[in-house]
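*Asks:* have a look at this prediction, sequence included:
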Amino acid sequence: MQVTDSTERSRARALVVGGYLEDIEVSGSGHNARIIQATGGSGFNVANCLSLFGVDVLFLSCFGPGESSQWEFKSIPIRSECSRGKFLFRKNEVLAVEKPSIVGIEEELIGILLKEEFDLIYSTLEIGQSAAATVSAIKSRLKVLDPSPGHEYRGNGGLSLYDLILANDYMAFDKKDKRVITKASSKGASYGGHDYKPRRIGESRFGSGDLFGAILSIMILAGRTIDAAIREAVEISSEFCYQERSLEQFVLHKRAVIDNSIRG
């Protein structure tokens, strides 16, 4: 792993590559049905969480002109013609997904980024594995991959430069690969043959894995061991699973606690 020292949170720079989607949650049925719309996507969730933790974030994804004006973090569409997706769900059931555009990153943009240096690169496969493989060549102290959605995963080709792989428990990865941390939402995580269980298990929620990844990454950047970082990420992301707050509301509610834990 490349991380050998710690850095001040306020100075940390992160490049996040992943999906920007419109989350549409349906509850109830018939005339009593309720629809809640919010900004989402794993890439967006991680970028937003890191930004709320004080990290200087650059987010690469697919979105239209002006859509990023509401975000606190910097963002660049990977191509002008790409567009966001939609995610329709009821509780833990995925009802339908309209994928974000899966297109290559502009060569001119990559040329600029290759001259930059980050503390963290965090990538999902929401806009394709080729995008994740491309950004892995950019200089960074820590490189984290969330290989979801699973149907976009095409093996380790082009992904060898990532330091950590945050796989979901239903994904098949080589257990001998020391980079793999397996997430199980509200039930915790496993790594290196050890299971990390939370003190309280709630009901799994979309977004808990993104929160796990953001907290794990920032803890490692702050100088924590992988073991300590996983334990902290498990407790906080599992607490989110038995709360009713949105992901952003939860992070804002817990920010002081998380900040103290990060600064340790």
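*Replies:* Cool, the structure landed. Please read all numbers here as calculations on a predicted model, not as lab measurements.

*Asks:* tell me where the stretch 1-150 of the chain has strands.
*Replies:* Taking DSSP state E, counting those that start in this stretch, the strands of the stretch 1-150 of the chain run over residues 13-17, 21-27, 34-40, 56-61, 74-77, 85-90, 93-98, 117-124, 139-146.

*Asks:* who does the second one touch, helix- and strand-wise?
*Replies:* Counting contacts by 3 or more C-beta pairs under 8 Å, 6 or more residues apart in numbering; DSSP states H and E, the secondary-structure elements packed against strand 21-27 are strand 34-40, strand 85-90. (Each C-beta comes from the backbone N, C-alpha and C, glycine too.)

*Asks:* please identify the buried residues of the longest one?
*Replies:* It refers to strand 34-40. By neighbour count on 16 or more other C-beta atoms under 10 Å, the buried set for strand 34-40 is 39-40.

*Asks:* quick one: strands adjacent to that strand?
*Replies:* Here strand 34-40 has these sheet partners by DSSP bridges: strand 21-27 (antiparallel).

*Asks:* using CSV, write out every CA atom in the partner strand.
*Replies:* Extracted in CSV, the C-alpha atoms of strand 21-27 (Å, rounded to 0.1, in the frame of the first residue of the first chain):
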residue,chain,number,x,y,z
LEU,A,21,-28.0,9.3,-10.5
GLU,A,22,-31.4,10.5,-9.5
ASP,A,23,-32.6,8.2,-6.7
ILE,A,24,-36.3,7.6,-6.7
GLU,A,25,-37.7,5.8,-3.6
VAL,A,26,-41.2,4.4,-3.6
SER,A,27,-43.0,3.6,-0.4
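
*Asks:* tell me the angle the helix or strand bottoming out on mean pLDDT in the chain makes with strand 21-27.
*Replies:* Here the helix or strand of the chain ranked lowest by mean pLDDT, DSSP states H and E is helix 247-263, holding a mean of 85. Taking axes from the mean of the first three to the mean of the last three C-alpha atoms, to 10 degrees, one finds helix 247-263 and strand 21-27 inclined to each other by 120 degrees.

*Asks:* only the buried residues of helix 247-263, if you could.
*Replies:* Residues of helix 247-263 classed as buried under the neighbour-count rule (16+ other C-beta under 10 Å) are 247, 250-251, 254, 258, 261-262.

*Asks:* pLDDT value on residue 5, please?
*Replies:* If you check residue 5, the pLDDT there is 50.

*Asks:* show me what contacts the nearest residue to residue 105 once chain neighbours are set aside?
*Replies:* In this structure, residue 105 finds its nearest non-sequential neighbour in residue 78, 4.6 Å apart by C-beta to C-beta, 6 or more residues apart in numbering. The contact partners of residue 78, taken as C-beta atoms under 8 Å, 6 or more residues apart in numbering, are 60-62, 103-106, 109, 127, 131.

*Asks:* in a markdown table: the residues you listed, plus pLDDT.
*Replies:* Shown next, in a markdown table, are these (pLDDT from 0 to 100):
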| residue | pLDDT |
| --- | --- |
| 60 | 95 |
| 61 | 94 |
| 62 | 91 |
| 103 | 78 |
| 104 | 83 |
| 105 | 90 |
| 106 | 89 |
| 109 | 93 |
| 127 | 92 |
| 131 | 93 |
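
*Asks:* of those, which is the nearest to residue 160?
*Replies:* Among those, residue 131 lies closest to residue 160 (C-beta to C-beta), at 15.9 Å.

*Asks:* for the closest one, give its distance to residue 117.
*Replies:* As judged by C-beta to C-beta, to the nearest Å, residue 131 and residue 117 stand 19 Å apart.

*Asks:* who's more crowded, the two?
*Replies:* Legend: neighbour count by other C-beta atoms under 10 Å for residue 131 and residue 117, higher for residue 131 (26 against 12).

*Asks:* so that one sits against residue 109, correct?
*Replies:* No - using C-beta atoms under 8 Å, residue 131 is not in contact with residue 109; the gap is 10.9 Å.

*Asks:* identify the contacts common to the two.
*Replies:* 60, 78.

*Asks:* show the contacting residues for residue 74.
*Replies:* Neighbouring residues of residue 74 by C-beta under 8 Å, 6+ apart: 56-59.
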